[in-house]
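Student: build me a structure from this.
(one chain, ligands or ions: 1)
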Amino acid sequence: MSTATLETSTIQRPRAVERLVAGQATSDGAGVKLTRVLTQPLQRRLDPFLMLDAFGSDNPGDYIAGFPDHPHRGFETVTYMIAGRMRHRDSAGHEGLLTNGGVQWMTAGRGVIHSELPEQEEGRMEGFQLWLNLAAQDKMIPAGYRDIPSDAIPGFTRDGVFAQVIAGESHGVAGAVQRARTEPLYLDLHFAPGARFEQPLDPALNAFVYVYRGGLRIGETAVPPQRMAILANTAGSDGVVLQAGGEPTRALLIAGRPLNEPIAQYGPFVMNTREQLMQAVEDYQNGSLAGAGL
Ligand code: MN
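Tutor: Numbering: from 1, shown residues only. Down below sits the predicted model:
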C-alpha cells in the first residue's frame with residue numbers, strides 16, 4: 001500500500017442510478033458456482049467491459065473443480081481475489097499464485113491457454129473476474145500477464161473510506177494498471193458505517209458499482225448487497241457520490257471509456273467479426289492460437 005497527498009473534490013452534479021442488476025447464478029469452468037453480474041446483454045451498455053463474475057463460497061464443492069485449461073483471445077481478464085488461493089498457469093510459461101487481496105491482470109491478446117485452479121481444499125474462496133475488451137487494433141497483441149500482490153496495490157484512506165486503486169486514478173493516487181485507450185478505473189472501496197466517497201467521472205465513461213457487503217445509497221437509490229448499480233451517463237454530470245449505510249460496506253467502482261466497436265463473442269473469444277471468431281476456433285483447434293511451441 002502507498003499513500004499520497006489527498007486533494008479535495010466536490011461533486012456538484014452526481015450521476016444517478018439508471019438500473020439495478022442482480023446478475024445470474026451460473027457455473028463455469030469445471031463446475032465453479034458463481035454469479036454472472038455483467039452478462040452478455042449488457043456488453044454494449046457497459047462497453048469496454050464484457051463480463052463481471054462474482055464468486056464467494058465457504059463450500060469447497062462450489063469451487064474445488066476450478067477452471068482447467070481453456071483458451072482466450074481478444075481481451076483482458078482481471079481477477080481480484082478477496083479470499084482464497086488460486087494457481088494460474090498459462091501457455092506463455094507464466095505461473096502465479098493469486099492470494100488474499102491480490103490481482104492477476106492477464107492480457108489474452110492473440111491467444112493464451114491457461115488454467116485457474118484452487119490451491120485450497122477448504123475455507124472461503126471469494127473474488128471477482130472482470131473482462132476488459134481490447135480495441136480492434138490491439139486484439140492480436142502478444143499475450144501478457146501480471147501478478148499484483150495485495151501490498152503492491154496503491155491505496156489511500158479518506159473520510160472513513162479505504163480505497164484500493166487497482167486501475168486508473170483516484171484522488172491523486174495512480175492505480176496498479178493504466179490503459180490509455182479505455183482508461184479503466186477499478187476501485188475496491190471499504191466504507192466505515194456512514195462514510196461517503198466521491199469520485200469524479202467524465203460522463204462519457206460507462207460506469208457501475210457492485211456492492212458486495214453492506215449497502216450504499218447513490219442519489220435516491222438504495223443499492224443492497226450483491227447488486228450492480230449501472231450509473232447513468234448524464235450529460236453535464238461530474239462524478240458519483242457513494243453513501244454507506246449503517247454497517248461496514250464494501251463495493252467495487254468500475255468505469256471505462258467505450259470502444260464503440262462491434263463486439264463478437266464465442267465463449268472465451270471476443271473479437272469484432274464472426275470471421276475473426278471462426279479464425280480463433282480454427283487456430284485453437286490446430287494448435288496455433290497461443291503461438292508456436294504448444
Ligand atoms: Mn480464463
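Student: tally of neighbours for Q24?
Tutor: A count of neighbours around Q24, defined by other CB atoms under 10 Å, yields 10. Using the backbone N, CA and C atoms, a C-beta is placed for each residue, glycine as well.
Student: look up how far A65 lies from it.
Tutor: Separation of Q24 from A65 (CB to CB, to the nearest Å): 19 Å.
Student: how about Q164?
Tutor: Separation of Q164 from A65 (CB to CB) stands at 29 Å.
Student: tell me which of these two has more neighbours.
Tutor: Using other CB under 10 Å as the criterion, Q164 and A65 rank with Q164 on top: 23 against 16.
Student: tell me the pLDDT at that one?
Tutor: In this prediction, Q164 carries a pLDDT score of 98.
Student: how far off centre is the helix or strand hosting it?
Tutor: Assessed by DSSP states H and E, Q164 sits inside strand 161-167. Using CA atoms, centre = their mean, to the nearest Å, the mean C-alpha position of strand 161-167 is found 13 Å from that of the whole chain.
Student: may I see the buried residues of it?
Tutor: Judged by neighbour count (16 or more other CB atoms under 10 Å), strand 161-167 contains these buried residues: 161-167.
Student: got the contact list for the closest residue to I113 other than its chain neighbours?
Tutor: Distances taken as CB to CB, 6 or more residues apart in numbering put S91 closest to I113, at 4.2 Å, once the chain neighbours are dropped. Taking CB atoms under 8 Å, 6 or more residues apart in numbering as the definition of contact, the neighbours of S91 are 111-114, 143, 290-291, 294.
Student: buried members of these into ChimeraX, please.
Tutor: The following ChimeraX selection, which keeps only the buried ones among those, applies the criterion 16+ other CB under 10 Å:
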select :111,112,113,114,143,290
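Student: quick check, nearest of the contacts of S91 to E95?
Tutor: For those, the residue nearest E95 by CB to CB is H114; the value is 9.7 Å.
Student: need the three-state assignment for that closest one.
Tutor: Secondary structure, DSSP: H, G, I helix; E, B strand; the rest coil: H114 is strand.
Student: can you tell me, leaving aside adjacent residues, what's nearest to it?
Tutor: Distances taken as CB to CB, 6+ apart place D90 nearest to H114, at 3.7 Å, with adjacent residues excluded.
Student: ok, now V17?
Tutor: If the residues on either side of it in the chain are set aside, V17 comes closest to T221, at 3.9 Å by CB to CB, 6+ apart.
Student: okay, now that neighbour: neighbour count?
Tutor: Look at T221: counted by other CB under 10 Å, it has 14 neighbours.
Student: okay, it: pLDDT?
Tutor: In the predicted model, T221 carries a pLDDT score of 98.
Student: quick one: contacts for it?
Tutor: Neighbouring residues of T221 by CB under 8 Å, 6+ apart: 16-17, 20, 229.
Student: show me what it bridges to in the sheet.
Tutor: Partner residues in beta bridges with T221: I218, with DSSP bridges as the criterion.
Student: how about R146?
Tutor: The residues paired with R146 through beta bridges, assigned by DSSP bridges, are W105.
Student: surely it and Q104 touch.
Tutor: Yes - counting by CB atoms under 8 Å, R146 sits close enough to Q104 to count as a contact (7.3 Å).
Student: neighbour count for the two, which is higher?
Tutor: Neighbours around R146 and Q104, counted as other CB under 10 Å, are more numerous at Q104. The numbers are 23 against 15.
Student: OK, contacts around the residue lying closest to that one once chain neighbours are set aside?
Tutor: Taking CB to CB, 6+ apart, and ignoring the residues beside it in sequence, Q104 has T79 as its nearest neighbour in space, at 4.5 Å. Applying CB under 8 Å, 6+ apart, we find T79 in contact with 86, 98, 103-104, 106, 116, 127-130.
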